[in-house]
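**Q** A predicted structure for the sequence below; I have some questions about it.
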Protein chains: 2
Amino acid sequence: MILVGERINTGFKDIKQAVLDKDPGPLREWAQKQAAAGATYLDVNLGAVSADAAVMCWMIEQVQSVVETPVSIDTNKASILAEAIKVCNKPPLINSTTAAQEKLDAFLPIAAEHNASIIGLSIDETGTPKSADGRVEKAGMVLAAATEAGIPPEHVFLDPIVMPLKYMQDQMREILEAVRQFRLFSDPPPHIICGLSNVSNGTTHKKLINRTFLVMAVGCGLDAAICDVTDGDLVDAAKTAELVMNREIYADSYIKPASA
Amino acid sequence: MILVGERINTGFKDIKQAVLDKDPGPLREWAQKQAAAGATYLDVNLGAVSADAAVMCWMIEQVQSVVETPVSIDTNKASILAEAIKVCNKPPLINSTTAAQEKLDAFLPIAAEHNASIIGLSIDETGTPKSADGRVEKAGMVLAAATEAGIPPEHVFLDPIVMPLKYMQDQMREILEAVRQFRLFSDPPPHIICGLSNVSNGTTHKKLINRTFLVMAVGCGLDAAICDVTDGDLVDAAKTAELVMNREIYADSYIKPASA
């Protein structure tokens, strides 16, 4: 399971304040905490705090000063991406392009040039499709464009766009069906990822809903998630789901006794 | 979600001893405990403790003396079933027939006569198929024979035969795929059930594995399980999975705050 730590994002108050104050502490602490929890990538999101690529570079440098874990550059601005990717010590995961031609033209060449992986949202300038078929169409456009740009499928992470269970309950099955179909696009298949926490927006039982949806999505072929990697129950559930999918070999010690 | 309480089974020492001693206490206590936890049916299994149908009838009567919950008559002997079904206050769930002609001929007429539901294992006299296709073939035979016997699909519970993750890890995906295909047999579809606890046989983290597999199976279309209904985390996970499948309407109060 590829786990992308969601926490270094100015959407969280402590990170926003740290970026405003140029205080490296919270960024470094969350980098270490998420790396220790087993994150494969650490998402770094500047959000609306600044339009200055130098600030994003500073954030990435704080992360890289304390851990070896590669970063995920989370920005919708190609100009920020172009600068940020230059300071990455390892090929990053770019978060993200959409199927809109303008986005593809801007993001894919940068990914190809730097041997980076890239998340492709199943969305375009007209919005998020409601059906599985609509999602498959948009994701297919991203994958085809990535292939044309010289990016191999194993560097492409397709994202079905997870909606909040509470407000869009009828879309959940469409999302799972889209995941199932993404799997069939190529051999080897692309990765399939989601921004997990959105599923529990506004709900009372967030952690339970996050881990239940994640397990169901893994059962459909999802193999990556942007999530709270420090949620031990979530990570244990993901590991168990991977065993059921026969992606890892079972051993009694696959999780630590205390966490079961 | 249709939950069948597994606990009144002589495979458990306390129940075995109670049946040997003709002590109604443990049977009544487990009946009440499982009914309070929300069981839809209570499985009653005499096992090898006796070949006397009167003992099975006594067990069912103990359950019915304290709760309204219908029973699931768990026996592979048609002679025991024929007697036990007569003492049931409500149409029971018969657990189970296989696809073997001899079994179908013996069990289906009894189910039809008593308006009972019946579990059909995807297995026959040659054993358990290893592939999804083999399971689908056997389950299809049960469903066809049940239809011919006058049993409607909504009274049929197809069972893909769940194997232990630890010893047959490569079969897990076949089982999930079988569930997915069972769903397509008829409209309305038959129920799909499994004996859940088998999946965690011999493992260190039984509850985690049980609930993870259950959630994945619900994602494939499973809507019933024979399981430990007193495991609150398991029931919460099942309820959440049902919400994702849009089978129940979301409400913040769908589980009690304490259990999340």
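**A** In hand now; what should we look at? Numbering: from 1, shown residues only, chains lettered A, B, ... in the order given.
**Q** mind checking the SS state of residue A:5?
**A** Using DSSP: H, G, I helix; E, B strand; the rest coil, the structure places residue A:5 in strand.
**Q** that one contacts residue A:231, correct?
**A** No: with contacts counted by C-beta atoms under 8 Å, residue A:5 stays clear of residue A:231, the gap being 10.8 Å. In this view, the C-beta of every residue, glycine as well, is placed from N, C-alpha and C.
**Q** and chain A, which residues reach chain B?
**A** Counting by C-beta under 8 Å from any C-beta of the partner chain, the residues of chain A lying close to chain B are A:165-166, A:169-170, A:172-173, A:176, A:203-205, A:207-209, A:212-213, A:215-216, A:218-220, A:236-237, A:240-241, A:243-246, A:249-250, A:252-255, A:257, A:260.
**Q** of these, select the buried ones using a PyMOL command.
**A** PyMOL command restricting the residues of chain A next to chain B to the buried ones, with burial defined by 16 or more other C-beta atoms under 10 Å in any protein chain shown:
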select buried, chain A and resi 165+166+169+172+173+176+203+205+207+208+209+212+213+215+216+218+219+220+236+237+240+241+243+244+245+250+254+255+260
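**Q** the residue nearest to residue A:39 when sequence neighbours are not counted: how many residues sit nearby?
**A** In space, and not counting its chain neighbours, residue A:39 is closest to residue A:5: 3.9 Å by C-beta to C-beta, 6 or more residues apart in numbering or on different chains. Other residues near residue A:5 number 28, with proximity taken as other C-beta atoms under 10 Å in any protein chain shown.
**Q** how about the strands in chain A?
**A** Under the criterion DSSP state E, strands of chain A are mapped to A:2-9, A:41-45, A:71-74, A:93-97, A:117-121, A:156-159, A:191-195, A:224-227.
**Q** how about JSON lines for those, with mean pLDDT added?
**A** Compiled in JSON lines, the strands of chain A are given as follows (pLDDT from 0 to 100):
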{"stretch": "strand A:2-9", "mean pLDDT": "98"}
{"stretch": "strand A:41-45", "mean pLDDT": "98"}
{"stretch": "strand A:71-74", "mean pLDDT": "98"}
{"stretch": "strand A:93-97", "mean pLDDT": "98"}
{"stretch": "strand A:117-121", "mean pLDDT": "98"}
{"stretch": "strand A:156-159", "mean pLDDT": "98"}
{"stretch": "strand A:191-195", "mean pLDDT": "98"}
{"stretch": "strand A:224-227", "mean pLDDT": "98"}
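**Q** residue A:138: which of those strands is closest?
**A** strand A:117-121 (7.7 Å; C-beta to C-beta).
**Q** any idea of the angle that closest one forms with strand A:93-97?
**A** 30 degrees (axes from the mean of the first three to the mean of the last three C-alpha atoms, to 10 degrees).
**Q** and strand A:117-121, what does it pack onto?
**A** Applying 3 or more C-beta pairs under 8 Å, 6 or more residues apart in numbering or on different chains; DSSP states H and E, one finds that strand A:117-121 contacts strand A:93-97, helix A:101-113, helix A:132-148, strand A:156-159.
**Q** any idea which of those is most buried?
**A** Per-stretch averages of neighbours, counted by mean count of other C-beta atoms under 10 Å in any protein chain shown, single out strand A:156-159 among these, with a mean of 29.
**Q** pLDDT score for the residue in the stretch 1-150 of chain A that chain B sits nearest to?
**A** Here the stretch 1-150 of chain A gets closest to chain B at one residue, residue A:1, 12.7 Å apart by C-beta to the nearest C-beta. On pLDDT, residue A:1 comes in at 95.
**Q** would you check that it makes contact with residue A:225?
**A** Yes: between residue A:1 and residue A:225 there is a contact under C-beta under 8 Å: 7.4 Å.
**Q** separation between the most centrally placed residue in chain A and residue A:210?
**A** Closest to where the C-alpha atoms of chain A average out (C-alpha atoms, centre = their mean) is residue A:226, at 3.8 Å. The gap separating residue A:226 from residue A:210 is 11 Å, by C-beta to C-beta, to the nearest Å.
**Q** which neighbours do those two share?
**A** Jointly contacting residue A:226 and residue A:210 under the rule C-beta atoms under 8 Å, 6 or more residues apart in numbering or on different chains are A:196-197.
**Q** residue A:69: neighbour count?
**A** Per other C-beta under 10 Å, the neighbour tally for residue A:69 reads 21.
**Q** and the residue nearest to the centre of chain A, what does it touch?
**A** A:4, A:6, A:43, A:72, A:95, A:193-197.
**Q** show me where pLDDT drops low in chain A?
**A** For chain A, applying pLDDT under 70 flags the ranges A:257-260.
**Q** and the helices in it?
**A** Along chain A, counting by DSSP state H, helices occupy A:13-21, A:25-36, A:53-64, A:78-84, A:101-113, A:132-148, A:172-182, A:206-220, A:232-244.
**Q** would you format those as TSV with distance to residue B:54 included?
**A** TSV is the format used below for the helices of chain A (distance: least, C-beta to C-beta, whole Å):
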stretch	distance to residue B:54
helix A:13-21	69
helix A:25-36	62
helix A:53-64	72
helix A:78-84	77
helix A:101-113	73
helix A:132-148	54
helix A:172-182	48
helix A:206-220	44
helix A:232-244	42
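**Q** out of these, the one nearest residue B:78 is which?
**A** helix A:232-244 (35.0 Å).
**Q** now do stretch A:233-248: distance to the chain's middle.
**A** 18 Å (C-alpha atoms, centre = their mean, to the nearest Å).
**Q** quote the end-to-end distance of stretch A:41-50.
**A** Taking C-alpha to C-alpha, to the nearest Å, stretch A:41-50 runs 23 Å from one end to the other.
**Q** so which bits of that stretch are buried?
**A** Result for stretch A:41-50 [16+ other C-beta under 10 Å]: buried residues A:41-46, A:49-50.
**Q** wait, residue A:63 sits on residue A:28?
**A** Yes: using C-beta under 8 Å, residue A:63 makes contact with residue A:28 at a distance of 7.4 Å.
**Q** what about the residue of the stretch 1-150 of chain A closest to chain B, neighbour count?
**A** By other C-beta under 10 Å, the residues close to residue A:1 number 19.
**Q** and it, how close does it get to residue A:229?
**A** Taking C-beta to C-beta as the measure, residue A:1 falls 10 Å from residue A:229.
**Q** with residue A:98 instead?
**A** Between residue A:98 and residue A:229 the distance is 25 Å, computed by C-beta to C-beta.
**Q** who has more neighbours out of the two?
**A** residue A:229 (26 against 23).
**Q** so the more buried one is in contact with residue A:3, correct?
**A** Yes: if you go by C-beta under 8 Å, residue A:229 and residue A:3 touch, sitting 4.9 Å apart.
**Q** list the residues that contact both of these two?
**A** The contact sets of residue A:229 and residue A:3 overlap at A:38-39, A:235 (C-beta under 8 Å, 6+ apart).
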